[in-house]
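S.K.: Would you be able to build a 3D model of this:
(2 chains)
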Amino acid sequence: MPQEDKTATVRDERYDPQRVESKWFERWQADASLYAAEPASTKPKYYVLEMLPYPSGALHMGHVRNYSIGDALARYMWMNGYNVLHPMGWDSFGLPAENAAIANNTPPREWTLRNIANMKAQMKRLGFAYDWSREVTTCLPDYYRWNQWFFLKIYERGLAYRKKSKVNWCPKCATVLANEQVAGGYCWRHEDTLVEQRDLEQWFLRITNYAEELLRDLDKLEDWPDKVRTMQRNWIGRSEGTLVDFDLGGTVGPAGSTITVFTTRVDTIYGATSVQLAPEHPLVADFTASNAELRDKVEQLKAEQRKAKESGDIGEIEKHGVFTGRYAKNPYNGEALPIWVANYIVMDYGTGAIMSVPAHDERDYEFARKYKLPIKVVLVPSSSDPEETVAEPQLPFTTYEGVVVNSGEFNGLDCDDAIRKMSEHAEKKGFGRATVTYRLKDWGISRQRYWGTPIPMLYCEKDGIVPVPEKDLPVILPENVDITLTGGSPLGRVPEFVNAKCPKCGGPARRETDTMDTFVDSSWYFYRYADANNDRAPFDSKVVGYWFPIDQYIGGVEHAILHLIYSRFWTKFMRDMGMVENDEPVERLFTQGMIIKDGAKMSKSLGNVVTPDEMVERYGADSARMYTLFATSPDSELDWQDSGVEGVSRFLARAYRFVTQRPIAGVTAPYSPNDLTPQARGILRKLHQTIKKITDDFSGRWHFNTSVAALMEFLNQCVAADEIFAAHGDNCAPKPFVGDVQRKFVLLLAPFAPYLANELWEMLGEKENLLRAPWPKYDPELAKEEEIEIPVQVNGKLRGRITVPADADDGSVRERALADEKVKATIAGKQVVKVIIVPGRLVSLVVR
RNA sequence: GCCCGGGUGGCGAAACUGGCAGACGCACGGGACUUAAAAUCCCGAGUUCCGAAAGGAACGUAUCGGUUCGAUUCCGAUCCCGGGCACCA
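M.R.: Predicted coordinates for the structure are as follows:
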């Protein structure tokens, strides 16, 4: 029989991943529709998404890990009958392309597209099942034109505005630097040049309009990691407090001028002994106008603060301050408080001005001690004993568990009441009001860079700021721009780009030369996947309505804040525009751990990098992928060990042999488990336990490391039953049984090692695409153990083991336990006080 | 300083709801096959102690304490590692 001959030839062949993988690679290359999502389907939809990479040149192992998780899930969902959307794209604008262009004299576009081609080839070689017909490349006009379109919509709705704002400026480069290009306050290219802060006109998006909703809706994201939700909550930084106006008494500015301070502890305001201003506070300039000495001191404070901020330790700045010689009136008690300028007060939180209450604030206490300012107690610990005289609290006393004293009409209130009543009082009298502040700032999107989306705005001498009309989009990013020159936005040096006509008056106008932050690109790219080739709109709302929200998003935790907040913001504003119906883009989020090796994060500078290419070459894609899943659970840090890849590779070779030594092709007749030998029944039982285990892992905790371990256990048991699976094993187990075991094993392997699984699937005579083959179902009856071993504890210590039928009742288990020789010896001469039986798990005896 | 994770054999790890700690893999030791090696297959193994052996005992999940018949798991305190935020008023 020809069939037998074929079996004989494969049997001696060793598992050669290169041969197997190149064969399937070629086939998959030829079939573009293989992983295509169906536009309309009666199947339930499933949108699985992995964070798109920046095309830096080559994939690293972190990518392989990320994408192996998503790919396993996508394949599993396909096999479970879902219409799966599993796309990929390129976050391809950004600074490295410009740096590379300068270093290699290659235009950013060319450099980027070359990298994309290389990384796409790597992804294909790794066997990731992406629908490439939906590929999104953010640096191409058919994508970024929609960034521009969105910008116009945002501007129309008043959510984009222009404001002066501080940027990093290197005087030697004569250009703006991104934060990442500033190291310890110095320029990255000129290590001896201090970076300055300059005021530049920049475009901002009003994300703060959504601060409250972004915060509130975090509660809805139950399938996001708590860690990410907490990080976002902190980032938004909602804080309730009170604004209070301190009258300047006409000493400066027009009569009636005030300083507004923000405080969360208005209950302590009677204890304020000074007012502290940030060095950047606008009033400071007025105070120093006629006092050169004071001005110098303030400049010094400013410099100290800037330096501390840049080097990231504003938290440890040594507190300095200077008295301005002016006073402000505390509206609650009329006290005149000295106004100071201090280096630890920052302008970009609250109002840049605080009231200083040394007795009840750590920082104010420290400052007051240093400069010998008065310390006034207005809060004492609430005592359970009303007779007890008011204790002098240990200073500074900063908790909310206190009672207000020395505070006029508010004496005796506890903190929460005092805060409420004193805010109301201020409001009634007109010198203050309760307020909410956020740490979240509006999103500055202007970048003085070349390689980004041009902001579609014009400046006309007559008409001022004029948006580019929608019909003129896209504003194409010009090529052949010299970006090696220094001095502001590179686009500003391209006259053909800058010089334009005002769409209103037809007169000369100047184009905006800044480009957009690349986080704009990644804020909505996943909507584009749903309708990637639409040339009339960013996407069709109906199509997006079908696919959204994203069922599962997978990526690194490093994007927990910026990318994921901007994305949520973008979704909310698109919803308000009527473009989408979902409030949130992502239903479930998974953040995988990073990869370390030899105790440190894998990085080129540390020289501990393992590349996907070398892994694929040495072990094949299946082994490399499966190892990233096997080494540890996906959410943990992965400690890379080359020998671990070897282990997985050995397992795959065993799996190959397991099927090829006796491939039962095309035999699918039913068989009765009752006709099997005990050993074969054991295998069948283990098979169904393994199906359950892996199915549970996919629907639950995603501990794919234990899924792979379960496959290994199963295979080990099969290998031990050699006579069943060896050639000519017919008299040990019937063919239908062997074929059934082999097919199900291959199906279980498919999400983790797609190349090998497809090869074995074909070898078993299957013609149908493995992705469309149904995921095996486990049968609880077949998975059930007949006999189980139960430990017996005496006074909490393990003293014996008994073997009982799986369905034994408590009475017989108890009898067995007490009859066990070792147990009997231990409890001899003692009285059994209590017997605890946990069905199927253990017996615990308490004796005296 | 505050908020999250985490600490288990020689190594990577597992243990889902409080129920046999160390599954699975690596490395290691022994054996089979081989002229030999590689590959493969089988067996062993937490530590310490007792025993010639079969076998047995004690200890053991960062440290100390608590709850419980029983704790890697729950509670309290401490130490260490990683991440996030940080004079945020």
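S.K.: How about the residue in the stretch 1-150 of chain A that RNA strand B sits nearest to: what's its closest non-neighbour residue?
M.R.: Closest contact between the stretch 1-150 of chain A and RNA strand B, by CB to the nearest atom of the strand, is at A:Arg14 (6.8 Å). Placement of C-beta: from N, CA and C, glycine included. Excluding the flanking residues, the one nearest A:Arg14 by CB to CB, 6 or more residues apart in numbering is A:Ala653, at 7.3 Å.
S.K.: Tell me how far the strand or helix carrying that neighbour lies from the chain's centre.
M.R.: Taking DSSP states H and E as the definition, A:Ala653 sits inside helix A:642-660. Helix A:642-660 sits 33 Å away from the centroid of its parent chain (CA atoms, centre = their mean, to the nearest Å).
S.K.: and it, what other elements does it pack with?
M.R.: The contact analysis (3 or more CB pairs under 8 Å, 6 or more residues apart in numbering; DSSP states H and E) places helix A:642-660 against helix A:612-619, helix A:621-630, helix A:704-720, helix A:735-749, helix A:754-763.
S.K.: out of the ones you listed, which comes closest to RNA strand B?
M.R.: Of all the helices and strands packed on helix A:642-660, helix A:704-720 sits nearest to RNA strand B, with 3.5 Å by CB to the nearest atom of the strand.
S.K.: Output that closest one as PDB, nothing but the C-alphas.
M.R.: What follows is helix A:704-720, C-alpha atoms only, in PDB (Å, rounded to 0.1, in the frame of the first residue of the first chain):
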ATOM      1  CA  PHE A 704       0.700  29.400  28.900                       C
ATOM      2  CA  ASN A 705       3.900  28.200  30.600                       C
ATOM      3  CA  THR A 706       1.700  25.600  32.300                       C
ATOM      4  CA  SER A 707      -0.100  24.900  29.100                       C
ATOM      5  CA  VAL A 708       3.100  24.000  27.500                       C
ATOM      6  CA  ALA A 709       4.200  22.000  30.500                       C
ATOM      7  CA  ALA A 710       0.900  20.100  30.300                       C
ATOM      8  CA  LEU A 711       1.600  19.200  26.600                       C
ATOM      9  CA  MET A 712       5.000  18.000  27.700                       C
ATOM     10  CA  GLU A 713       3.600  15.900  30.500                       C
ATOM     11  CA  PHE A 714       1.100  14.400  28.000                       C
ATOM     12  CA  LEU A 715       3.800  13.600  25.500                       C
ATOM     13  CA  ASN A 716       6.000  12.100  28.200                       C
ATOM     14  CA  GLN A 717       3.200   9.700  29.100                       C
ATOM     15  CA  CYS A 718       2.700   8.800  25.400                       C
ATOM     16  CA  VAL A 719       6.400   8.200  24.900                       C
ATOM     17  CA  ALA A 720       6.500   5.900  27.900                       C
END
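S.K.: Domain-wise, how is chain A divided?
M.R.: Domain ranges of chain A: A:37-138+A:216-233+A:519-592, A:150-206+A:442-516, A:239-437, A:636-783, A:787-847, per automatic domain parsing.
S.K.: could those go into TSV alongside mean neighbour count and distance to A:Tyr144?
M.R.: Shown next, in TSV, are the domains of chain A (neighbours: other CB atoms under 10 Å; distance: least, CB to CB, whole Å):
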stretch	mean neighbour count	distance to A:Tyr144
domain A:37-138+A:216-233+A:519-592	19	6
domain A:150-206+A:442-516	17	4
domain A:239-437	17	30
domain A:636-783	18	33
domain A:787-847	14	60
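S.K.: could those domains be laid out in JSON lines, adding mean pLDDT and distance to A:Gln18?
M.R.: Formatted as JSON lines, those follow (pLDDT from 0 to 100; distance: least, CB to CB, whole Å):
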{"stretch": "domain A:37-138+A:216-233+A:519-592", "mean pLDDT": "94", "distance to A:Gln18": "11"}
{"stretch": "domain A:150-206+A:442-516", "mean pLDDT": "85", "distance to A:Gln18": "38"}
{"stretch": "domain A:239-437", "mean pLDDT": "86", "distance to A:Gln18": "48"}
{"stretch": "domain A:636-783", "mean pLDDT": "92", "distance to A:Gln18": "10"}
{"stretch": "domain A:787-847", "mean pLDDT": "87", "distance to A:Gln18": "45"}
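S.K.: circling back to that earlier point, can you say which of the helices and strands packed on helix A:642-660 is nearest to A:Leu413?
M.R.: Comparing the helices and strands packed on helix A:642-660 against A:Leu413 with CB to CB, the closest turns out to be helix A:704-720 (56.8 Å).
S.K.: ok, and what's touching the helix or strand following the closest one?
M.R.: Next in sequence after helix A:704-720, counting helices and strands by DSSP H and E, comes helix A:722-725. Outside helix A:722-725, the residues that touch it by CB atoms under 8 Å, 6 or more residues apart in numbering are A:Phe658, A:Gln661, A:Arg662, A:Gln679, A:Ala680, A:Ile683, A:Cys718, A:Val719, A:Gly729, A:Cys732, A:Ala733, A:Val738.
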